[in-house]
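Predicted coordinates and the sequence they were generated for:
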Protein chains: 2
Amino acid sequence: MLTPEVAAPPPLHPQRDELELPAVLHALSDPVRLRIIADLASGEERSCKSFDLPVVKSTCTYHFRVLRESGVIRQRLEGTTRLNSLRREDLDARFPGLLDAVLGCPVS
Amino acid sequence: MLTPEVAAPPPLHPQRDELELPAVLHALSDPVRLRIIADLASGEERSCKSFDLPVVKSTCTYHFRVLRESGVIRQRLEGTTRLNSLRREDLDARFPGLLDAVLGCPVS
DNA sequence: GCAAATGTTCGATGACCGTCGTACAATGAG
DNA sequence: CTCATTGTACGACGGTCATCGAACATTTGC
């Protein structure tokens, strides 16, 4: 009880003008995370569970956190699930064309 | 003398259709390497030494190797120097718009 | 031939990455 | 209340990253 957090700390989401290119590119440089953002490209909100990823739960948490903390996705709490969506407007504003270019690339 | 390499192995350059998106994005996710490709964006060939990078020689070699092996740059031997250039046509062909998007991003 | 210039290679090092499993927390259903 | 669902937190782990310094290689110029 040395750090008596009153409630769960809200997930960190960098502001639009705080997005950093190296961090965003690093977030996009992993195949699992590329698959996540490809699935989010339609614009819909998706729970973590709705993705069929080749890793266990805790690893999913890790990948979604990397995407969120770099500013690529947004996470919103809804009951017991976490709804994920692409921060397309913020990305387009700060790094014009980048997201579309990545989403348009061949998967393999 | 267990592996009698007859001559220096030629630097590895992946073919255009071998370029992989995660590797390219990873290569571009480092500030030093972003600086290198920004300097190469003009299209000219530059020796490694002509870049004013905040790291020592051997680290430069490392960064140029990451860029070359991911297919972002080309290295050509010319006397005692190594001339570096962007593989813009290959990148544009395989990942349309990606390089321009990255080069157009704010540095910080 | 010798020395300078330009890079590479190699080993070391500390930090970070991606993965897992277990335990935990919060919400919703019965 | 109890339990299932959904996700986070934490610790461990092997591997990779970015960095350095020292030694080496290759070409050019004197």
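Arrived safely.

When you work out contacts or count neighbours from here on, use the C-alpha atoms and nothing else.
Noted.

show me what contacts the residue nearest to residue A:95 when sequence neighbours are not counted?
Using C-alpha to C-alpha, 6 or more residues apart in numbering or on different chains and skipping the chain neighbours, the partner closest in space to residue A:95 is residue B:105 (5.2 Å). Neighbour list for residue B:105: A:21, A:94-96 [criterion: C-alpha atoms under 8 Å, 6 or more residues apart in numbering or on different chains].

From DNA strand C, how far off is residue B:105?
Separation of residue B:105 from DNA strand C (C-alpha to the nearest atom of the strand, to the nearest Å): 21 Å.

so that residue, which of the three states?
The three-state label given to residue B:105 by DSSP: H, G, I helix; E, B strand; the rest coil is coil.

What count of nearby residues applies to residue A:80?
Residues within reach of residue A:80, counting by other C-alpha atoms under 10 Å in any protein chain shown, total 7.

Now do the phi/psi pair for the residue nearest to residue A:95.
Torsion angles at residue B:105 (phi, psi; degrees, to the nearest 10) stand at phi -80, psi 150.

Double-check residue A:34 against residue A:28; I have them as touching.
Yes: counting by C-alpha atoms under 8 Å, residue A:34 touches residue A:28, with 5.7 Å between them.

Have a look at those two and say which one is more surrounded.
residue A:28 (26 against 19).

Now the phi/psi pair for that one, please.
Reported as degrees, to the nearest 10, the phi and psi values for residue A:28 are phi -90, psi 0.

Tell me who's in contact with it.
Neighbouring residues of residue A:28 by C-alpha under 8 Å, 6+ apart: A:34, A:67, B:22, B:25.

how close does the third one get to chain A?
Yep, that's residue B:22 we're talking about. If you measure residue B:22 against chain A using C-alpha to the nearest C-alpha, to the nearest Å, the figure is 4 Å.

The closest residue to that residue other than its chain neighbours: neighbour count?
With C-alpha to C-alpha, 6+ apart as the criterion, residue B:22 has its nearest non-adjacent residue at 4.3 Å, and that residue is residue A:29. For residue A:29, the neighbour count with other C-alpha under 10 Å is 20.

Which residues does the longest helix along chain A contact?
Counting by DSSP state H, the longest helix found in chain A is helix A:57-70. Contacts with helix A:57-70, where a contact means C-alpha under 8 Å, 6+ apart, come from A:12-14, A:19-20, A:23-24, A:27-28, A:32-33, A:48, A:53, A:73-75.

Please convert the buried members of those into PyMOL selection syntax.
Applying 16 or more other C-alpha atoms under 10 Å in any protein chain shown to those, the buried members can be selected in PyMOL as follows:
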select buried, chain A and resi 13+19+20+23+24+27+28+32+33+48+73+74+75
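
between the contacts of helix A:57-70, which is closest to DNA strand C?
residue A:32 (6.3 Å; C-alpha to the nearest atom of the strand).

Quick one: work out the angle between the worst-scoring helix or strand of chain A on mean pLDDT and helix A:57-70.
When each helix and strand of chain A is scored by mean pLDDT, DSSP states H and E, strand A:73-78 comes last, with a mean of 95. Counting by axes from the mean of the first three to the mean of the last three C-alpha atoms, to 10 degrees, strand A:73-78 lies at 120 degrees to helix A:57-70.

By neighbours, which of the contacts of residue B:105 wins?
Highest neighbour count within the contacts of residue B:105, by other C-alpha under 10 Å: residue A:21, with 23 neighbours.
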